[in-house]
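J.: Model the following, please.
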Amino acid sequence: MYTVPYEAVSHARRVCSLYKRCIRNLESFYYMRPAFRYHAVVLRERFDRHKDEKDMRVAKELLVKGEQELLKNSHWQMRRFARSPGGSAFGRTVVPPDWVLDYWSPQEKAAYPDYFARREQRKKEYIQWWEKQYGKPTEKDSHH
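T.: Sure, this is the predicted structure:
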């Protein structure tokens, strides 16, 4: 899942991002470590060759050409980390919301007395904080 950036991205950050995407692309092509390392060193040399470029117009042009080259030479089935967006296990782990614990039976809660005593205290503290911050709810607020 890609998001629209909400802040300006610096040139240096775009270059670092391009480098990382290129390395990940190489990992997809060269799964044998020695071959991958050779191509990674060659790629790093290509980036280092232009690291001291002072003219921003030239630097921007190099960045755009690099992004186009990556797009053109992208692996057809990029390697993805299993739990990352796009990975095979992304979103598998369901984390139940906290309010589910309110529906536990007394027998279930009795197995963890310290936890539930602390939880009830924290709920009271949160309600006090909320009322101090925003005021007590009125009758009008309770009807939607």
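J.: what's the neighbour count on Leu26?
T.: Residues lying near Leu26 (other Cβ atoms under 10 Å) number 20. (Each C-beta comes from the backbone N, C-alpha and C, glycine too.)
J.: Please apply the same query to the one 10 residues further on.
T.: Phe36 has 16 neighbours, counted by other Cβ under 10 Å.
J.: Equivalent analysis for the one 4 residues further on, please.
T.: Using other Cβ under 10 Å, Ala40 has 16 neighbouring residues.
J.: go on, the one 4 residues further on?
T.: The burial metric for Arg44, expressed as a neighbour count using other Cβ under 10 Å, is 13.
J.: so who does it touch?
T.: Contact analysis of Arg44 by Cβ atoms under 8 Å, 6 or more residues apart in numbering lists Tyr19.
J.: Remind me which helix or strand the nearest residue to Val9 once chain neighbours are set aside belongs to.
T.: Nearest non-adjacent residue to Val9, counting by Cβ to Cβ, 6 or more residues apart in numbering: Ser17, 8.0 Å away. Using DSSP states H and E, Ser17 maps to helix 11-29.
J.: what's the offset of the next helix or strand after that helix from the middle of its chain?
T.: Of the helices and strands lying after helix 11-29 in sequence (DSSP H and E), the nearest is helix 33-48. Relative to its chain's centre, helix 33-48 lies at 26 Å (Cα atoms, centre = their mean, to the nearest Å).
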